[in-house]
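Student: I would like to see how this sequence folds:
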Amino acid sequence: MKSIFIKRQHFSVLMLIILIIIISVFYCFIKYTDTRFSFTTSASTENTFQEKVFNLIYQKEKIAYLTFDDGPTLKSTPKILDILSEEDVKATFFVVGKHVKEHPKLVKRAYDEGHYIANHGYSHYNDKLYINSDSFIHEILSTDIEISKAIGIENYSSHVFRFPNGYMAPSYKSKKQEYAKLLSDIDYTYIDWNALNKDSEKKYSNVELLNNLKNSSKNKGTLVILMHDTSDVNETYLVLRDSIHYLKEQGYIFQNFYDLK
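Tutor: Prediction:
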């Protein structure tokens, strides 16, 4: 009987050691996983991130989130990345899937330099985006696939979508209201902006672009700033450095969506 008791003790000690090893390995895996693109499987944690993104424009802290829509493009994106690197500013790029497919190296560079790659749909054509709910989801997920290929991260998802032309724009309003409810099904949220330089609206001088930013950001706390890395109408990179300097002078610090995780 004594021998059996001792064997049972040894077996219990052995099982305890194995359990400790398993827990240690699991802890190390969680600790050192790259949090830039991975999310915990806890739905509550994901919702916390999404809520933070959704509510950014209502915060009082003087934090500036530079966001660039509609790229990447060969003409503007490299110049913008150069300036952001020189100014030590991290931004968020709302990329269009078809342009990611055309210029994957630019997306890879932006990602490697610490910028957040978010989703702006695949085609940027409202007629395609809003055909039906399946088309809406397909536009988002197809863009995720192209981003994954570009940056070499399997099953990448930014969890952040920006409607082409913005959610608050009057066009397709009822469709936006309907399809916005589908975003939670794929662990997404959406965000507009509360400051901009109007670089996609009409031709402005560089002084006017900067003044547009100043006027739209006046007396606000946290800023989500809309710009474009396209050059279709204005060349934002020509005024980007002055815009960054102005915001710094106003006491703003710069962050991107990684800082919300």
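
Student: what about Gly152, neighbour count?
Tutor: Per other CB atoms under 10 Å, the neighbour tally for Gly152 reads 11. To be clear about C-beta, it is placed using only N, CA and C from the backbone, and glycine gets the same treatment.

Student: now the helices for the stretch 1-150 of the chain?
Tutor: Counting by DSSP state H, counting those that start in this stretch, the stretch 1-150 of the chain has these helices, from start to end: 2-32, 43-54, 77-87, 97-102, 104-112, 126-129, 133-151.

Student: Dig out what the most centrally placed residue in the chain forms beta bridges with.
Tutor: For the chain, the residue nearest the mean C-alpha position is Ala118 (3.6 Å; CA atoms, centre = their mean). According to DSSP bridges, the residues that bridge with Ala118 are Phe94.

Student: pretty sure it contacts Phe93?
Tutor: Yes. Under the criterion of CB atoms under 8 Å, Ala118 makes contact with Phe93 at 6.7 Å.

Student: what do the two both touch?
Tutor: Thr67 (CB atoms under 8 Å, 6 or more residues apart in numbering).

Student: show me the contacts for the residue lying closest to Val160 once chain neighbours are set aside.
Tutor: Distance criterion CB to CB, 6 or more residues apart in numbering; nearest residue to Val160, sequence neighbours excluded, is Ala118 at 4.4 Å. Contacts here follow CB under 8 Å, 6+ apart; on that basis Ala118 touches Thr67, Thr92, Phe93, Phe94, Val95, Ser158, Val160, Phe161, Arg162, Phe257.

Student: Would you mind checking those for buried ones?
Tutor: For these, a burial check counting by 16 or more other CB atoms under 10 Å picks out Thr67, Thr92, Phe93, Phe94, Val95, Ser158, Val160, Phe161, Arg162, Phe257.

Student: who's in contact with the second one?
Tutor: So that's Thr92. Counting by CB under 8 Å, 6+ apart, Thr92 makes contact with Tyr65, Leu66, Thr67, Phe68, His115, Tyr116, Ile117, Ala118, Val160, Asn256, Phe257.

Student: Apply 7 Å and report the result again.
Tutor: Going by CB atoms under 7 Å, 6 or more residues apart in numbering, Thr92 touches Tyr65, Leu66, Thr67, His115, Tyr116, Ala118, Asn256, Phe257.

Student: Nearest residue to Thr143 in space, ignoring adjacent ones along the chain?
Tutor: Thr143 sits nearest to Gly97 (CB to CB, 6+ apart), 3.4 Å away.

Student: quick one, what contacts that neighbour?
Tutor: Contacts of Gly97 (CB under 7 Å, 6+ apart): Gly121, Tyr122, Ser142, Thr143, Glu146.

Student: What residue, apart from its backbone neighbours, is nearest the third one spatially?
Tutor: Counting by CB to CB, 6+ apart, the nearest residue to Ser142 once its immediate chain neighbours are dropped is Tyr122, at 4.5 Å.
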